[in-house]
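Colleague: Fold the following, please.
(2 chains)
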Amino acid sequence: MKSSMILVPALVLALAVSVGGCGKKETAGGDVIKIGSVAPLTGPQTHIGKDNENGARLAVDEINAKGLELGGRKVKLELLGEDDQAEPKTATIVAQKLVDAGVVAVIGHLNSGTTIPASKIYHDAGIPQISPSATAVAYTAQGYKTAYRVMANDAQQGKALGQFAVSKLAAKKIAIIDDRTAYGQGLADEFEKAARAAGGEIVAREFTNDRATDFSAILTSIKGKAPDLIFFGGMDPQGGPMAKQMKSLGLTARLLGGDGLQNVNFVKLAGSDAEGVVASSPGLPIDSMPGGPEFRKKFEAKYGVIQVYAPYAYDAVYALVDAMKRAGSAEPAKVLAELPKTDLQGVSGPVKFDDKGDTTGGAVTLYEVKGGAWQVLETVN
Amino acid sequence: MDIFTQQLVNGLVLGSIYALVALGYTMVYGILELINFAHGEVTMIGAMVALTVIGILVGVAPDLPGILVVLGGILVAIPACMLLAFGIEKIAYRPLRKAPRLAPLITAIGVSIILQNLAMLIWGRQYVSFPEILPTTRYEFLGAHVSLLQISIVVLAFTIMAGLWLLVERTRLGRAMRATAQSKEVAELMGVNVDRVISATFIIGAAIAAIAGVMVSAYYGLAHYYMGFMLGLKAFSAAVLGGIGNIAGAMLGGLLLGVIEALGAGYIGDITGGFLGSHYQDVFAFFVLIGVLVFRPSGLLGERVANRA
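Modeller: I've put the predicted structure just below:
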C-alpha cells in the first residue's frame, strides 16, 4: 500500500519529465548541430565499428577546434554515436532514434545489411546519409536522394577484378563460382561482365551456397574445361576449403576473389594452399592514401591502431561539413542540394559523387597471399 | 573419362562419410523406431573435441608425426562422444520410451539445438581450422587425383562398416541387439537387458560418428558449430534411401548419395545446357531420394526386415 503511494507521484513526475523532454527539440541550424554515427559497437564486429565512430569523431573534434561558421553564425558539431549491433532490425530502431533526436545527417552504417534498411528511414525523414563502408550496389540503387557512400561499391570492385584478371593475370579461360548470396552473386556478375569486355572467355559458371564445404564436384567439372583462372564471389569459410580442394584435385588455375576472401581468416583456413591467391578490397592501403600517414599519426595519438574504415568515416564527415559550408546552413534540404557538387581532397583520396550517390574516385586494391600473409599487389582506380 | 573417374572418387569419399553417420541413425531407428536428430550434432562435437585436442598436441609436441596427433584427437573424441550419447539417451529418450512416438522426436530436435548452441558458446561462431599436419601425398589413378587422406578415409570407413557388420551378426551383443529390434518385450523375457542394449547401440553409433566427424574436418580443413546440421540431414536421407533400420542399407545409401551428388553437381549444368546449374546439387540428391521412396517406400534394402539391428 505504502509503496504504491510513492509510486504514483513518481510515475507522474517521470511522465512530466519525458513530455518536457519531447517539447525541447533542437532546431536544425541552431547553435549545436547534431550528427549521427552508427556502427556495431557490441558483438563480433565491435572493433571495426568503434573504429568508424572514432574516425568520424576525430573529424568532428578537428572541425570544432578550428571553429565552424554557417551563414555568419558560429556553430558547434555534436556527434551522437549509436550501436546497430550489425543487425538489420536494430539498425532501423537506432535510425529512428537518431531522427527523433533531431540529427541533421548520419555517418553510417558500417554493413550493407544494416545500411540498406536504415536508408529508408533517413530518406523518409529527408536527412542525408553517408556510409563510410557499405559496398552493396543495392544501397544507392534504391533511388534515394539521401543515400551517399565514400567507398567503391561491389560493381566497381567486380569491374576492377575482371580487368585485372585479363590484363594483369593474363587469364584467357576463366571459370566463375558464386555462393548465390546478394554479395557473391552481384560481385560475380560484375566480374563476368568486365572480364568478357576485356577479352576473357568464360568457360564455366558454377554455383554453391554460403554453407557448403564440398566443392570437389564443381571443381572437377571446371577442371575438365581447363581454365587458367577461377573467380569466386563469396566469403572466406567457402574460399578456404575451395583453395585446398583445388590443390588436391591438381587444378593449377589461380584463385581470385573479392573482399570476402581478403582477410586473415581465409589464410588460416586455406593454410599453405592460400599461397598465390589474389583478392581485392575496396579502397587504398592506408599508407598509400594521399593523407594516410598524417591521418595515422593523428588517429593513433588519440584512439590507437586504425582497424579498417576510419579514414572513410573521417572523409564522410568532411564531405558533409563541406556541403553545409556551401549551403551556409545545416538544414538537411539545403545540405542535400549541395552534396552532389562535392569535390574534396580527402584522406582516402578524392571525394566526388555521381548522380546515384556513389563515389566516382573509388579505388580498389589487389592483394596476393605471399609467405602466409596478404601483400599489396597494386591499386587500380 | 578422367573427369568421370574423378567425380566417382569425389563421390566415394563423400559417400563413405555419409555412410558412417547414417549407420548411427539407422541403428537407433532399428531398435527404437526413433529418429535421433541429435546424431549430426554428436558428429560435430566429435570433430570439435578432436580439433581441440589436436590443437593442444600441436602446441605441446610440435615434432610429433601428424598421424599420431590426429589419432590422439580421435582417441579423445570417441569416449567424449560415447559419454555424450549415453547421457542424451538417458536424459532425453529413456524417460519417454513409453510415451507417444512424437514426444522423443521433439526432444531429439531439442537436444540437437542445445548441442549446437553449447558448441557455439564453447568454440565460438568462427570456423575452426584443421592444422596442416597430415601428409598431402597424391596419386594419379586412371587420370584422377587421389590423396592419401582420401584413401585413408575410404579404407577406414569400410573397415568400420565391416567391423560393425561382424559385431551385429557374430557377437552376443549383436544378437541381443537384433532380438531387441524385433521385439523389446520378448527379448526382455529371454533375459536380454534391453536398457543396456539400447545404451550400447547409442554408444557404438556415437563412436562411429566421432570418427566421421574427425574425417570431415580433416578432409575439408575446418569445423564449425553448425556443420552437424546438413551432414546429419544428408546422412539421414542416406539411411532412408537404403532403407532405414537396415545396416547394409545405410552403407549402400550413403555411398549412393555421395556418388549421385558428385555426378549430379558435375554434370547437371552440361546436360541441361546451363538451364539447371550446380546450385541444384542438394536438390538433385533429394530428388533421387523422393524417386526411390515413391517406388520403394521402405528404401532400397528396406524389405529385409529380419536383418535390421
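Colleague: Grab the nearest non-local neighbour of residue 235.
Modeller: Using chain A here. residue A:260 (4.1 Å; CB to CB, 6 or more residues apart in numbering or on different chains). C-beta: built from backbone N, CA, C; applies to glycine.
Colleague: wrong one, chain B
Modeller: In space, residue B:235 is closest to residue B:21, 3.5 Å off (CB to CB, 6+ apart).
Colleague: Now do that neighbour against residue B:87, distance only.
Modeller: 19 Å (CB to CB, to the nearest Å).
Colleague: Looking at those two, which has the bigger crowd around it?
Modeller: residue B:21 (31 against 12; other CB atoms under 10 Å in any protein chain shown).
Colleague: Checking residue B:140 next. Helix, strand or coil?
Modeller: Recorded secondary structure, residue B:140: strand (DSSP: H, G, I helix; E, B strand; the rest coil).
Colleague: Need the pLDDT of it.
Modeller: Note for residue B:140: predicted pLDDT of 85.
Colleague: what residues are up against the residue of the stretch 251-381 of chain A found nearest chain B?
Modeller: The nearest approach of the stretch 251-381 of chain A to chain B comes at residue A:271, 4.4 Å away (CB to the nearest CB). For residue A:271, the contact set (CB atoms under 8 Å, 6 or more residues apart in numbering or on different chains) comprises A:244, B:129, B:131-132, B:221.
Colleague: Can you flag which of those belong to helices?
Modeller: residue A:244 (DSSP state H).
Colleague: Now, of the contacts of residue A:271, which are buried?
Modeller: A:244, B:129, B:131, B:221 (16 or more other CB atoms under 10 Å in any protein chain shown).
Colleague: which ones are touching the first one?
Modeller: With CB under 8 Å, 6+ apart as the criterion, the residues that contact residue A:244 are A:269-271, A:273, B:220-221.
Colleague: Swap in 6 Å and give it another go.
Modeller: A:270, A:273, B:221 (CB atoms under 6 Å, 6 or more residues apart in numbering or on different chains).
Colleague: Ok, residue A:284 next?
Modeller: A:363, A:365, A:379.
Colleague: Please dump those into JSON lines; it should also carry secondary structure and neighbour count for every row.
Modeller: Below are the contacts of residue A:284 laid out as JSON lines (DSSP: H, G, I helix; E, B strand; the rest coil; neighbours: other CB atoms under 10 Å in any protein chain shown):
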{"residue": "A:363", "secondary structure": "coil", "neighbour count": "21"}
{"residue": "A:365", "secondary structure": "strand", "neighbour count": "22"}
{"residue": "A:379", "secondary structure": "strand", "neighbour count": "18"}
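Colleague: For the residue positioned nearest the centre of chain A, which non-adjacent residue is closest in space?
Modeller: For chain A, the residue nearest the mean C-alpha position is residue A:133 (1.5 Å; CA atoms, centre = their mean). In space, and not counting its chain neighbours, residue A:133 is closest to residue A:309: 4.3 Å by CB to CB, 6+ apart.
Colleague: What is the helix or strand containing residue B:167 packed up against?
Modeller: Using DSSP states H and E, residue B:167 falls within helix B:148-170. Packing contacts for helix B:148-170, counted by 3 or more CB pairs under 6 Å, 6 or more residues apart in numbering or on different chains; DSSP states H and E, involve helix B:2-32.
Colleague: circling back: quick check: phi and psi on the residue nearest to residue A:133?
Modeller: Taking degrees, to the nearest 10, you get phi -100, psi 0 for the backbone angles of residue A:309.
Colleague: Please give me every residue in contact with it.
Modeller: A:52, A:132-133.
Colleague: hmm, 10 Å instead?
Modeller: Residues near residue A:309 by CB atoms under 10 Å, 6 or more residues apart in numbering or on different chains: A:39, A:48-49, A:51-52, A:55, A:110, A:131-134, A:150-151, A:282-283, A:316, A:348.
Colleague: In strands, which of those residues appear?
Modeller: Judged by DSSP state E, the subset of those located in strands is A:39, A:131, A:282.
Colleague: The second one and residue A:153, how far apart?
Modeller: With distances taken as CB to CB, residue A:131 is found 10 Å from residue A:153.
Colleague: Need the overlap of contacts for those two.
Modeller: Listed contacts common to residue A:131 and residue A:153 are A:112, A:139-140; contacts here mean CB under 10 Å, 6+ apart.
Colleague: Got a PyMOL select line for the buried ones in the residues you listed?
Modeller: PyMOL command restricting the shared contacts of residue A:131 and residue A:153 to the buried ones, with burial defined by 16+ other CB under 10 Å:
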select buried, chain A and resi 112+139+140
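Colleague: By pLDDT, rank the contacts of residue A:271 and give me the bottom one.
Modeller: residue B:132 (86).
Colleague: Look up the closest residue to that one, ignoring the ones flanking it.
Modeller: residue A:271 (4.4 Å).
Colleague: just to revisit the earlier point, out of the contacts of residue A:284, the closest to residue A:187 would be?
Modeller: residue A:365 (15.4 Å; CB to CB).
Colleague: Verify the stated contact: that closest one with residue A:287.
Modeller: No: at 11.4 Å, residue A:365 does not count as touching residue A:287 under the criterion of CB atoms under 10 Å.
Colleague: Quick check: phi and psi on residue A:224?
Modeller: Residue A:224 adopts backbone torsions of phi -60, psi -20, taken as degrees, to the nearest 10.
Colleague: can the helix or strand containing residue B:291 be found next to chain A?
Modeller: Residue B:291 is part of helix B:281-295 when elements are defined by DSSP H and E. Yes: looking at helix B:281-295 against chain A by CB under 10 Å from any CB of the partner chain, the contacts come from B:281-282.
Colleague: Also stretch B:28-46?
Modeller: No: Stretch B:28-46 lies apart from chain A when judged by CB under 10 Å from any CB; the minimum separation is 12.4 Å.
Colleague: how far is that stretch from where the chain is centred?
Modeller: 9 Å (CA atoms, centre = their mean, to the nearest Å).
Colleague: Could you pull out the buried residues of it?
Modeller: Going by neighbour count (16+ other CB under 10 Å), the buried part of stretch B:28-46 is B:28-32, B:34-46.
Colleague: Kindly report the same for stretch A:32-47.
Modeller: Buried-residue list, stretch A:32-47, by 16+ other CB under 10 Å: A:33-41, A:45-46.
Colleague: which one of the residues you listed sits closest to chain B?
Modeller: residue A:45 (11.5 Å).
Colleague: Could you tell me which residues make contact with the nearest residue to residue B:284 once chain neighbours are set aside?
Modeller: Take residue B:284 and drop its neighbours on the chain: the residue closest to it by CB to CB, 6+ apart is residue B:264, 3.6 Å away. Applying CB under 10 Å, 6+ apart, we find residue B:264 in contact with A:217, B:7, B:11, B:271, B:276, B:278, B:280-285, B:287-288.
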